[in-house]
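[1] Give me coordinates for this.
(one chain, ligands or ions: 1)
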Amino acid sequence: MSYPLRVKLVDVGPRDGLQNEKQLVPAAVKIELVHRLQAAGLKEIEVTSFVSPKWVPQMADNAEVMAGIARQPGVRYSVLTPNLKGFEAALLSKPDEIVVFGSASEAFSQKNINCSMAESIDRFAPVVAAAREAGIFVRGAMSCTVGCPYEGEIAPERVDYLAGLMKGIGVQHVGVADTIGVGTPLKVQRAVEATLKHFDINQVSGHFHDTYGQALANSLICLQMGVWQFDTSVAGLGGCPYAKGATGNVATEDVVYMLHGMGIETGIDLDQLINAGQFISDYLGRPSNSRAGKALFTKRLTS
Ligand SMILES: CC(C)(COP(=O)([O-])OP(=O)([O-])OC[C@H]1O[C@@H](n2cnc3c(N)ncnc32)[C@H](O)[C@@H]1OP(=O)([O-])[O-])[C@@H](O)C(=O)NCCC(=O)NCCSC(=O)C[C@@](C)(O)CC(=O)[O-]
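    Now for the predicted structure:
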């Protein structure tokens, strides 16, 4: 079995991780989290989303957070933009990358962005065109590629269809997301295979929530398929407001621990990453969801 020599992780903690928090997290805390993540060696951070504040109040400080970051050369800062209004607002914050987000499930598309899959693509098309015209890289997040909180299991044909639509409007990279963390490795493999009909292996990443404890196994099977880019969330923060019961993304610390243990480079300093996870967990007043993070932090205290 061969594995990639190097893996790129995008920490989505400041956006996906915090969007579902009931208490408003101050912009200064979000900015400090971004600073700690870049200090730990993360080269891409999903900072915030330019969505409706009525839908996701936690992200209402998007411009303030983007403006407050002391940007580090070599680090890419990405933001979610569901429509032209969001893109135009995001543009003022000079993101390196924008993310349009669609779903392989019709029901989730309606609940999350208030439109059908086809309508979402019509909305994304001018956003993608404008971003590419402005020289901004475009990623597409594909939600519910194995399971949906409203429709249940999702067939790979739905992923094939969505990936084809994303490709058709000029999206440059897609994330195969298990939004509610129900996927198991062979189902995830089929979703990735469906995506690979439209995108090159270098244009595909995995985005796995860990609700059922499958996210590391799902990441591993992707690695075996040659996928080398993953979204992860420091301290395993997260959940989507429109996917009730789903827990956070796989913890960045757990993925880094696994990858380093396999001899795969990430460029991330695990000690500093654990500090970042501890910082946000302390702020939120609850333990980190990262198994490796907790174990290594306890070991540090007792040695
Ligand atoms: C898409 C909309 C806006 C449609 O929402 P809508 O209500 O259908 O929008 P609308 O066009 O009818 O406009 C209604 C109001 O919203 C405003 N509006 C319209 N657009 C914007 C905008 N961009 N920014 C700020 N305001 C906006 C607009 O100006 C208007 O304001 P009003 O006249 O009533 O005062 C809404 O459904 C929305 O914001 N949804 C976002 C939901 C969300 O953020 N979900 C979480 C992210 S996805 C996710 O987490 C999954 C992912 C990516 O991580 C991968 C995975 O795990 O699956």
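[2] Leaving out the residues flanking it, which one is nearest to Leu281?
    One correction, residue 281 is Ser, not Leu. In this structure, Ser281 finds its nearest non-sequential neighbour in Ser288, 4.3 Å apart by C-beta to C-beta, 6 or more residues apart in numbering. Where C-beta positions appear, they are placed from N, C-alpha and C, glycine not excepted.
[3] secondary structure class for the closest residue to the ligand within the stretch 201-303 of the chain?
    Nearest residue of the stretch 201-303 of the chain to the ligand: Cys240, at 4.0 Å (C-beta to the nearest ligand atom). Using DSSP: H, G, I helix; E, B strand; the rest coil, the structure places Cys240 in coil.
[4] check contacts around it.
    16, 19-20, 112, 143, 179, 246 (C-beta atoms under 8 Å, 6 or more residues apart in numbering).
[5] so the residue nearest to Ser281 sits in a strand?
    No. Ser288 is assigned coil when assessed by three-state DSSP, not a strand.
[6] For burial, what's the neighbour tally of it?
    Ser288 has 22 neighbours, counted by other C-beta atoms under 10 Å.
[7] next one: phi and psi at it?
    When read as degrees, to the nearest 10, the backbone of Ser288 gives phi -60, psi 150.
[8] Quick check: it touching Thr252?
    No. Ser288 is beyond contact range of Thr252, at 10.5 Å (criterion: C-beta atoms under 8 Å).
[9] Quick one, grab the pLDDT at the residue of the stretch 201-303 of the chain closest to the ligand.
    At Cys240, the pLDDT value in this model is 76.
[10] hmm, back to that, which neighbours do Ser288 and Thr252 have in common?
    Going by C-beta under 8 Å, 6+ apart, residues that sit against Ser288 and also against Thr252 are 235, 277.
[11] Run a quick neighbour tally on Lys54.
    When neighbours are counted by other C-beta under 10 Å, Lys54 comes out with 7.
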